[in-house]
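Engineer: The following block contains a protein sequence and its predicted model.
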Amino acid sequence: MTRPFLGIAAVLFACGVSVFAHPRQSTQRENAGPNRLVILKVDGLGADLLYRTMRETDPATGKSRLPWLAHIFAENGAIFENFYTRGISLSAPSWSMLDTGRHAVIRGNVEYDRYTGGVYDYLNFFPFYLGYARNRRVDMPAIEVLERAGIPLLIDAFPYAQRFQSFQLFQRGVRWSTLEHVLEHRLSSKILFSMVEGAEAPSLDEMLAQQTESDLKQALNKPEIFYLDFYTGEVDHEGHATNQPAALLEVLRRLDALAGRLWTEIQVSPLSNQTLFVLVSDHGMNNVPGVFSQAFNLPDLLNSPEGGAHHVITNRRQLSDYKIMGLDPLVERVTNPSTASFYLAGEAAHYPTAWLDLDGNERASVQLRNSDLNKIHILLLQLARPDLPPDVRRRRRRA
């Protein structure tokens, strides 16, 4: 069983500081309310970890360990301590509910078509970028699924010219100018020389975050932009790597500094007194020190006779195979064949019968090929036998 708090996310609200600094605005302005929305989207930040750290005092300063978050939201805003997404504690389903306000039609980070085995990988950005460059595929797979269901996103309430969207799972289009600046900087002589000299160069993720923040700050100075968001997966990545308090505190301090920089930029923006600043998270995870999540090998279980002797498709390679092949960012289907299959021996590449989503917070998702297809498949294999007695062949055909 997962702990109850794993699904509890964090949500904080604050209005621009000038609302508090100038309370005697005109009645018309007060009734109008905020016109601009700035959302800081934090993946994998559990409410218990955030609120506990905000309440702790830093002995060096006598203030909160997260001073900016405490100042912005605890002192000048609102905190919803009972906020949670009513679904499984996973990024794709949780963000689908937060970005739409609707019940989830996406129920995993990866889903498979039970008839064709087609892959819907909602977390892998690389195939999306490649598809955009080749075929002008403009939306992430998750958005395509929502559109087929007729479900709009929050960002769709704003015309294209009025919004700034960062890189995220539910992304419309690609910010090619941001990527261009990052790649130019990455390949600059300064960075290359520092790498040759052995200095630690910033990662692509860090450079992308820095450039996106810079672009967002420029957008804040444009009064025609009314929706802006910044998505960060840093807390989620650190939480999956460790549950040590010192490491988690450091990543929260970086988040606190980011919120402070955005808040400061909002105060000097043209629409500061009309801006609503929101921090929201999609889910939490096990951050309890000393508590480790134990696991066992699901592909091996499903490959075995006891597990059904399935040929198993996974959305990435297992750790035992995670060498050079595991570095391929475009992989979508990895075949894990069974040597014990009763009727599909040697047919793993053509007829997998189980699909696994290995990504998640102390869980995995198993989808099986439709059992009607399995029955039809067995009957067709029987009809292909030349030694089948005539009466048995007739029964098989009727079946």
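Structural biologist: Looks like it came in fine.
Engineer: Check whether residue 173 really touches residue 155, as I assumed.
Structural biologist: No - counting by Cβ atoms under 8 Å, residue 173 sits too far from residue 155 to count as a contact (10.8 Å). Just so you know, the C-beta spots here come from the backbone N, C-alpha and C atoms, and that holds for glycine as well.
Engineer: Neighbour count for those two, which is higher?
Structural biologist: residue 155 (20 against 14; other Cβ atoms under 10 Å).
Engineer: Pop out the phi and psi values for the more buried one.
Structural biologist: Here is the backbone geometry of residue 155 (degrees, to the nearest 10): phi -60, psi -20.
Engineer: go on, residue 272?
Structural biologist: phi -60, psi -40.
Engineer: Pretty sure residue 266 is one of the things it touches, is it not?
Structural biologist: Yes - look at residue 272 against residue 266 with Cβ under 8 Å: they come within range, at 5.8 Å.
Engineer: which of these two has more neighbours?
Structural biologist: residue 266 (24 against 18).
Engineer: While we're on residue 104, how confident is the model there?
Structural biologist: At residue 104, the pLDDT value in this model is 88.
Engineer: What's the local residue count around it?
Structural biologist: Neighbour tally, residue 104, other Cβ under 10 Å: 18.
Engineer: Any figure for the gap between it and residue 110?
Structural biologist: Counting by Cβ to Cβ, to the nearest Å, the gap from residue 104 to residue 110 is 15 Å.
Engineer: Which of the helices or strands spans residue 313?
Structural biologist: strand 312-314 (DSSP states H and E).
Engineer: helices or strands up against that strand?
Structural biologist: helix 298-303, strand 334-336, strand 354-357 (3 or more Cβ pairs under 8 Å, 6 or more residues apart in numbering; DSSP states H and E).
Engineer: Quick one: the strands in the protein, in order.
Structural biologist: Along the chain, counting by DSSP state E, strands occupy 11-15, 36-42, 77-80, 110-112, 119-121, 163-164, 227-232, 275-281, 312-314, 334-336, 354-357, 365-368.
Engineer: if I pick residue 340, what's in contact with it?
Structural biologist: By Cβ atoms under 8 Å, 6 or more residues apart in numbering, the contact list for residue 340 reads 303-305, 309.
Engineer: what's the answer for residue 287, then?
Structural biologist: 46, 48-49, 239, 243, 248.
Engineer: Also residue 74?
Structural biologist: With contact set as Cβ under 8 Å, 6+ apart, residue 74 has these partners: 54, 64.
Engineer: How about residue 377?
Structural biologist: Residue 377 makes contact with 343-344, 351, according to Cβ under 8 Å, 6+ apart.
Engineer: Please apply the same query to residue 145.
Structural biologist: Residues in contact with residue 145 (Cβ under 8 Å, 6+ apart) are 105-106, 120.
Engineer: what do you get if the cut-off is 6 Å, keeping everything else the same?
Structural biologist: Applying Cβ atoms under 6 Å, 6 or more residues apart in numbering to residue 145 gives the contacts residue 106.
Engineer: how far away is it from residue 288?
Structural biologist: 34 Å.
Engineer: likewise residue 163?
Structural biologist: Distance from residue 163 to residue 288, by Cβ to Cβ: 38 Å.
Engineer: same deal with residue 56?
Structural biologist: 16 Å.
Engineer: Then residue 255?
Structural biologist: Residue 255 sits 20 Å away from residue 288, going by Cβ to Cβ.
Engineer: Tell me which of those two has more neighbours.
Structural biologist: Shown here are residue 255 and residue 288; by other Cβ under 10 Å, residue 255 has more neighbours (21 against 12).
Engineer: State the pLDDT value of the more buried one.
Structural biologist: 96.
Engineer: Over to residue 191?
Structural biologist: Model confidence at residue 191 (pLDDT) stands at 44.
Engineer: again with the one 5 residues further on
Structural biologist: At residue 196, the predicted lDDT confidence score is 44.
Engineer: Break the chain into its domains for me.
Structural biologist: Domains of the chain are assigned by automatic domain parsing as 4-105+151-281, 298-398.
Engineer: ok, residue 51 - contacts?
Structural biologist: So residue 51 contacts nothing (Cβ under 6 Å, 6+ apart).
Engineer: and if you look at residue 42?
Structural biologist: Counting by Cβ under 6 Å, 6+ apart, residue 42 touches 232, 235, 281.
Engineer: could you show me where the helices are in the stretch 201-350 of the chain, in order?
Structural biologist: Secondary structure of the stretch 201-350 of the chain (DSSP state H, counting those that start in this stretch): helices located at 204-220, 234-241, 245-267, 298-303.
Engineer: Any of the contacts of residue 377 buried? List them.
Structural biologist: Using 16 or more other Cβ atoms under 10 Å as the burial test, the contacts of residue 377 include 344, 351 as buried.
Engineer: where does the protein dip in pLDDT?
Structural biologist: Residues of the chain that meet the criterion pLDDT under 70 lie in 1-33, 125-138, 175-202, 204, 292-295, 319-331, 360-362.
Engineer: Can you tell me the centre-most residue of it?
Structural biologist: residue 91 (4.3 Å; Cα atoms, centre = their mean).
Engineer: how close does it get to residue 71?
Structural biologist: For residue 91, the distance to residue 71 - Cβ to Cβ - is 28 Å.
Engineer: Next: residue 172.
Structural biologist: In this view, residue 172 and residue 71 are 33 Å apart by Cβ to Cβ.
Engineer: higher neighbour count, the two?
Structural biologist: Taking neighbours as other Cβ under 10 Å, residue 172 and residue 71 compare with residue 71 leading, 19 against 15.
Engineer: give the contact list for that one.
Structural biologist: With Cβ under 6 Å, 6+ apart, residue 71 has no contacts at all.
Engineer: thinking again about what came up before, could you export the strands of the chain to CSV, including columns for distance to residue 385?
Structural biologist: Output for the strands of the chain, formatted as CSV (distance: least, Cβ to Cβ, whole Å):
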stretch, distance to residue 385
strand 11-15, 62
strand 36-42, 57
strand 77-80, 64
strand 110-112, 31
strand 119-121, 33
strand 163-164, 62
strand 227-232, 56
strand 275-281, 57
strand 312-314, 27
strand 334-336, 26
strand 354-357, 26
strand 365-368, 26
